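Engineer: Okay, predicted coordinates and the sequence, questions at the end:
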Amino acid sequence: MLSIEQITPRLTWRLRRDFLYPGEHLHDMEMEEDNHGYHFGAFSDNVLVGVVSLFQNGTDWQFRKFAVISDVQKQGIGTQLLNYITGFAERENGTRLWCNARLSATGFYAKNGFTETGSEFNRNGFDYIIMQKNLLSK
């Protein structure tokens, strides 16, 4: 059984490091903007298996540092987390949800209704493209 809960930024750091930036130091995973965002964790049998951080700028919502443990990838956990934050942003009257998507993940986002916008760019050795989804705010 999967449960998704709001968590503290500190709880996101280990998964951020292990699955997005292997070999980096744990303390390097802390971002100043963590203090101004919302952080969510997916728990399977009380074990943290996925994390994502969400930041608001007006009616735009950006998610960052989206990670799911390798052992449980392709089981729908990422999709459930993405659906959860989409609903959260919609309830907060968001009109757009977006991310800097790693090129290796664009298929996942496209399958979940996101479209590519802008051009590709490289940051810290990874290739990205901005992907977004328009939200139907209630």
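Structural biologist: Sure, I can see it. Numbering: from 1, shown residues only.

Engineer: Which stretches in the protein count as strands?
Structural biologist: 2-6, 38-44, 47-57, 60-68, 96-102, 115-123, 126-134 (DSSP state E).

Engineer: Out of those, which is closest to Thr86?
Structural biologist: Closest to Thr86 of the strands of the chain, according to C-beta to C-beta: strand 96-102, at 5.8 Å. The way it works is simple: take the backbone N, C-alpha and C, and place the C-beta from them, glycine included.

Engineer: how about the strands of the chain in CSV, adding mean neighbour count?
Structural biologist: Shown next, in CSV, are these (neighbours: other C-beta atoms under 10 Å):
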stretch, mean neighbour count
strand 2-6, 13
strand 38-44, 19
strand 47-57, 19
strand 60-68, 21
strand 96-102, 19
strand 115-123, 11
strand 126-134, 17
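
Engineer: buried stuff in the least confident helix or strand in the chain by mean pLDDT?
Structural biologist: Using mean pLDDT, DSSP states H and E, helix 13-20 stands out as the lowest-scoring helix or strand of the chain, at a mean of 86. Along helix 13-20, these residues count as buried under the neighbour rule (16 or more other C-beta atoms under 10 Å): 13, 15-20.
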